[in-house]
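> What follows is a predicted protein model with its sequence.
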Amino acid sequence: QVQLVESGGGLVQAGGSLRLSCAASGRTLSNYAMGWFRQAPGKEREFVAAINWIGGITYYADSVKGRSTISRDNAKNTLYLQMNSLKPEDTAVYYCAASRRKAAVNTKPDEYDYWGQGTQVTVSS
């Protein structure tokens, strides 16, 4: 079993940038494909970005494509999400997740087996 802890969230002005991190413990991150999801108040959890176990394949939601980059450092057991040109509609709690379907990029919450507690991102206009 893997434990995930997100960090890097905060308050930023529109147009700014944030880099989220997700530190894994318990098992090596390379055992999993990884993803980022977000959930705004009153809305369902939505897919943001995904990466396969080695980092060779990535996939993004249309809402963040071109503004965000998902990456991983398996040696450091850490997943990242670099977000640029942030918009107020990016405001949400951001979650990282691990999937045993390691070769794929997984876009649905039920394809993931482990979740972090989330980190708040607030973008002011």
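Noted; the coordinates are in hand.
> give the contact list for the residue positioned nearest the centre of the chain.
In the chain, the C-alpha nearest the mean C-alpha coordinate belongs to residue 36, at 2.3 Å (C-alpha atoms, centre = their mean). Residue 36 makes contacts with 20, 22, 48, 49, 50, 70, 79, 81, 94, 95, 96, 97, as judged by C-beta atoms under 8 Å, 6 or more residues apart in numbering. Bear in mind the C-beta positions are built from the backbone N, C-alpha and C, glycine included.
> mind running it again at 10 Å?
6, 20, 22, 47-51, 60-61, 64, 68, 70, 79-81, 83, 94-97, 116 (C-beta atoms under 10 Å, 6 or more residues apart in numbering).
> Can you verify it is assigned to a strand?
Yes: counting by DSSP: H, G, I helix; E, B strand; the rest coil, residue 36 is part of a strand.
> host element of the spatially closest residue to it that is not a sequence neighbour?
Take residue 36 and drop its neighbours on the chain: the residue closest to it by C-beta to C-beta, 6 or more residues apart in numbering is residue 48, 4.2 Å away. Here residue 48 sits within strand 46-51, counting by DSSP states H and E.
> before we move on, back to that, distance of the residue nearest to residue 36 from residue 112?
Residue 48 is 12 Å from residue 112, where distance means C-beta to C-beta, to the nearest Å.
> quick one: common contacting residues for those two?
Shared between the contact lists of residue 48 and residue 112 (criterion: C-beta under 10 Å, 6+ apart) are residues 35, 37, 95, 96.
> So how do I select the buried members of those residues in ChimeraX?
The following ChimeraX selection, which keeps only the buried ones among the shared contacts of residue 48 and residue 112, applies the criterion 16 or more other C-beta atoms under 10 Å:
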select :35,37,95,96
